[in-house]
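Participant: need coordinates for the below:
(2 chains)
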Amino acid sequence: MAENTNTVDVKKIKETGSTLHSKPTVGDVVFNILNYAFFIIFTLSCIFPFYYIFINTISDSDLVAKGAITLIPHQLTISNYVAMGKVGDLWTSALVTVLRTVIGTVLMVMASSLAGYLVTKKEMWHRQFWYRFLVITMYFNAGLIPWYLNMSMLGLTDTFAAYIIPAIVSPYNIILVKTYIESIPAEIEESAFIDGASYWTIYRKIIWPLCKPILATIAIFGAVGHWNSFQDSLILNANSPSLYTLQHRLYIYLNQSSNLGAMMSSGTSASDSAALSSTFNTKIIQYTISMVTIIPILCVYPFMQRYFEKGLMLGAVKG
Amino acid sequence: MSDAAIAESKKKTKNSKAKQSIPKTFAERVSDVVYVILRIAVIGNVCVIFFPNLNPARLSGLINKNLSLFSCGISYNSIVANFGRTFRMGWAQESTFHSLHYCAMLIILMVIVAAAGGCMSLGNNKLKRFGLIATVVAGAGELVSMAWLKSLYTIICNDAIAADKVDKVSPQYPATVNYIYMALAIVLVVCSLAEFFLVKAPEKDARCSMEPKFQLFLMMLPIIALAFVFSYLPLYGWRYAFFDYKSGETLSMDNFVGFKWFTSLLQNSATKRDIVNVLKNTFAMSGLGILTSWIPMAFAVFLSEIKNTHFRRVVQTITTIPNFISWVLVYAIALAIFSTDGFINTMINSVSSQSVATNYLMSDSHMWLKMLAWGLWKGVGWSAIIYIASISGIDQGLYEAATVDGAGRFAKMWYITIPELIPTYCVLLLMSIANILSNGMDQYLVFENAINSEKVQVLDLYVYTLGINSGLIPLSTVIGMLKSIISVALLFAANGISKLIRGESIV
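Facilitator: Residues are numbered from 1 along each chain as shown, chains lettered A, B, ... in the order given. Now for the predicted structure:
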């Protein structure tokens, strides 16, 4: 009842508010137009590049080479993608990237959830110390070169494991899980404990199912991180092309073409038709790999947006 | 009750508890001390297998210096990477090195057994007994392995002498390292045997169990170990800052140079010029980032002024996408739009008759602003989400009251929305000040080219170029080290300021 009257009040006030401003002033109109215009332009700038690359990859390659495709696709074809499929190293890169995303994410989520649960247990031996031990690593790192030397000392250079193992422990995600578990009523766990369940059983049967929302969130962040990761491939696995990730492969193709571009802009080989045609080929290769790399994220993103936002908000209130 | 009184009473209960518990017998106290030694030996045993300097399996100069016993144990190929010629010419037997691989594997296995034994020592008497069996076995196994290594060394020596190629195979016996392993193994065996007499025999029907605090700790241990190995162990690499090290060499006191690299930062004029340039870029980019850090907030405020929910939702979804693509892809987009045959040039060509082919990425003008623009394009939508959420959390009553008082739209934005967002903004601002030296390297790495290199070299990228590409490991370690220390100091300072002003810490 009380709530009802309240909403009525609010409505009334809103009505009076809107009647006070029933006639929008000129300033309001101008502001609205400018505001809409700004957001429309900015949104277009965010989506147009993807569209532009996409229409180029589905158009006839000769037209793309001539630069005839600007706003609408012509002579639709999937031959570019088919041609891409014949590039062998692309398949290996795709496989490596998919594998690292799946394995890396699964292990990270399991470790984060277990650690997040354990650090909430007050009876753990020196809990506070170990929790700080993990959290400090977020704010402090030895630097790129010592990290690299450490990895090579551990024999993790030029291995697939270099993508997975170092990323298992993620203090930030541990904090997120810990905060979430603390919000679960303690009685649920206590009753199971009284029934004689071990910590492991409680973790598996109670904590894991209850934490699913937060685990989904960190899983998505972790997966995007793995998918986009490129430094580790560049630095640790530089000597094993079979372990390059998709991003690294794309980087190599982009660099090849930009080097050609530099040659051409300096005029040394502008007349060299061979160089030109190879640039155009690299252009299509580049667009197509870019699309292959972007598509998973573009497909997953709209459905997962609420998880992303939840993750961000939880991160903001971490304590 | 005053605090002092509470403390007093706590002390009393503590004392009374201590009195109530049965005083430890002499045997129990000795047992505790011996267990401490045993556990230290186990931890030491686990650690030594990861250090290349402490590799007892390096029986030949041909085996890579950077190979730890662990790597020897898990990969045969890593041991014999440099042996192609040696095996072909028959200067050494491949079977010997297979044995070496198995021996390393055995040691690793024994270390795992010892570690398991060490963990079991945290349990009750029954579990302790099992643990002791494990540690005795592990110690004995390691002693056997050391003898095995010695015999393998003899075989390698004999083969090399028979082929008269001692200098090529260069057999060597890392005696000191072997003594360390043997000492650890002996400590394991002796301590465990002693404990057999010191630990009370468990009752017949006793079951293995462990106190909850240790159970929880052992569940946590793998995660702690990983964090240690990948976040704390790299600090050990800081020692390279004090040596004259080139890739592939070993560190020894011969090439110890003290603070040479630190002083060379200030004395070597070429390095100094580079550093000044890099710092200028770093501070410029971070500074611009901080100066524009209000933009996401403004973005959120203006977006919330739009009353059409669908439109708002679409804008929010699309503008956050760039945050989730990597910098490599951002560069791919930059190429597609701004390169010689990119969108802009194509557009200009299609509307005007003259043909242009400007490569906008191949110029070094306004590099700082361009980098800032790309950063904003990628991040603004995402950064705005936190403000959008804060805005939706603002009490609507405030706006209603303001409306009644006759406040206009801008007045409400300026006097209600923005003040409500300022606390969040302050936290993020302090964090970005603490991160002033860390711009990350991905963005600058992908956009760097021969023409703009001078203007985009930031500290992170400089360390990468210097250390990985040029191989100047000590100098880049020094720079990274100073950067880490200054960053932590800045973080503490930012945190202190936050505590002072808001009474809340940000970390």
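
Participant: from now on I want contacts and neighbour counts done on CA atoms only, so please keep to that.
Facilitator: Fine.

Participant: all helices of the stretch 301-450 of chain B, in order?
Facilitator: For the stretch 301-450 of chain B, the helices defined by DSSP state H, counting those that start in this stretch cover B:309-320, B:327-338, B:343-351, B:367-392, B:396-404, B:409-412, B:418-434, B:442-447.

Participant: tell me which residues of the shortest one are tucked away?
Facilitator: To tie it back to what came earlier, the one meant is helix B:409-412. Going by neighbour count (16 or more other CA atoms under 10 Å in any protein chain shown), the buried part of helix B:409-412 is residue B:412.

Participant: quick one: mean pLDDT for that helix?
Facilitator: Averaged over helix B:409-412, pLDDT sits at 88.

Participant: give the contact list for the residue of the stretch 351-500 of chain B at minimum distance from chain A.
Facilitator: Residue of the stretch 351-500 of chain B nearest chain A, by CA to the nearest CA: residue B:480 (5.1 Å). Contacts for residue B:480 (CA atoms under 8 Å, 6 or more residues apart in numbering or on different chains) come out as A:142, A:143, A:144, A:145, B:463.

Participant: narrow the residues you listed to those in helices?
Facilitator: Those of the contacts of residue B:480 mapping onto helices are A:144, A:145, B:463, per DSSP state H.

Participant: what is the burial count for the last one?
Facilitator: Using other CA atoms under 10 Å in any protein chain shown, residue B:463 has 25 other residues around it.

Participant: for the residue of the stretch 351-500 of chain B closest to chain A, pull up the helix or strand it's in.
Facilitator: According to DSSP states H and E, residue B:480 maps onto helix B:473-502.

Participant: and the ones in helices among the contacts of residue B:480 as TSV, adding pLDDT?
Facilitator: What follows is the ones in helices among the contacts of residue B:480, written out as TSV (pLDDT from 0 to 100):
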residue	pLDDT
A:144	92
A:145	93
B:463	93
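
Participant: find the centremost residue of chain A, please.
Facilitator: In chain A, the C-alpha nearest the mean C-alpha coordinate belongs to residue A:224, at 2.8 Å (CA atoms, centre = their mean).

Participant: which residue packs closest to it, ignoring adjacent ones?
Facilitator: Spatial nearest neighbour of residue A:224, excluding adjacent residues (CA to CA, 6 or more residues apart in numbering or on different chains): residue B:324 at 7.0 Å.

Participant: so the one you found sits against residue A:298, correct?
Facilitator: No: the criterion here is CA atoms under 8 Å, and residue B:324 misses it with residue A:298 at 9.1 Å.

Participant: so those two - more neighbours on which side?
Facilitator: residue B:324 (20 against 17).

Participant: got phi/psi on the residue nearest to the centre of chain A?
Facilitator: Dihedral pair for residue A:224: phi -60, psi -40, per degrees, to the nearest 10.

Participant: and it, how far from residue A:175?
Facilitator: 19 Å (CA to CA, to the nearest Å).

Participant: separation between the residue nearest to residue A:224 and residue A:311?
Facilitator: For residue B:324, the distance to residue A:311 - CA to CA - is 14 Å.

Participant: which neighbours do these two share?
Facilitator: If you check residue B:324 and residue A:311 against CA under 8 Å, 6+ apart, no residue is contacted by both.

Participant: in contact with the residue of the stretch 151-300 of chain A found nearest chain B, which residues?
Facilitator: At 5.1 Å from chain B, residue A:228 is the closest residue in the stretch 151-300 of chain A, using CA to the nearest CA. Residues near residue A:228 by CA under 8 Å, 6+ apart: A:247, B:325, B:326.

Participant: right, and the first one touches residue B:328 too?
Facilitator: Going back to what we said before, that points to residue A:247. Yes: between residue A:247 and residue B:328 there is a contact under CA under 8 Å: 6.6 Å.

Participant: overlap in contacts, those two.
Facilitator: Counting by CA under 8 Å, 6+ apart, nothing touches both residue A:247 and residue B:328.

Participant: quick one: residue B:435 and residue B:488 touch, right?
Facilitator: No: using CA under 8 Å, residue B:435 is not in contact with residue B:488; the gap is 9.1 Å.

Participant: so residue B:124 sits against residue B:206, correct?
Facilitator: No: the pair residue B:124 / residue B:206 is not scored as a contact, 9.3 Å apart, by CA under 8 Å.

Participant: and residue B:246, that's in a strand?
Facilitator: No: counting by DSSP: H, G, I helix; E, B strand; the rest coil, residue B:246 falls outside a strand, being coil.

Participant: for it, give its distance to residue B:274.
Facilitator: According to CA to CA, residue B:246 stands 21 Å off from residue B:274.

Participant: what's the answer for residue A:168, then?
Facilitator: Distance, residue A:168 to residue B:274, using CA to CA: 37 Å.

Participant: ok, now residue B:437?
Facilitator: In terms of CA to CA, residue B:437 sits 16 Å off from residue B:274.

Participant: so which of those two has more stuff around it?
Facilitator: Neighbours were counted for residue B:437 and for residue B:274 using other CA under 10 Å; residue B:437 has more, 21 against 15.

Participant: which ones are touching that one?
Facilitator: Contacts for residue B:437 were tallied using CA under 8 Å, 6+ apart; they are B:282, B:283, B:286, B:459, B:483, B:487.

Participant: show me the contacts for the last one.
Facilitator: Residue B:487 makes contact with B:434, B:435, B:436, B:437 under the criterion CA under 8 Å, 6+ apart.

Participant: as CSV, those residues with distance to residue A:192 and pLDDT would be great.
Facilitator: Shown next, in CSV, are the contacts of residue B:487 (distance: CA to CA, whole Å; pLDDT from 0 to 100):
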residue, distance to residue A:192, pLDDT
B:434, 44, 86
B:435, 45, 88
B:436, 48, 91
B:437, 49, 90
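
Participant: pull the contacting residues for residue 166.
Facilitator: All of this is about chain A. B:226, B:230.

Participant: try again with chain B
Facilitator: Taking CA under 8 Å, 6+ apart, one finds B:157, B:160 in contact with residue B:166.

Participant: now it: phi and psi?
Facilitator: Torsion angles, degrees, to the nearest 10, at residue B:166: phi -60, psi -40.

Participant: look up how far residue A:298 lies from it.
Facilitator: Separation of residue B:166 from residue A:298 (CA to CA): 62 Å.
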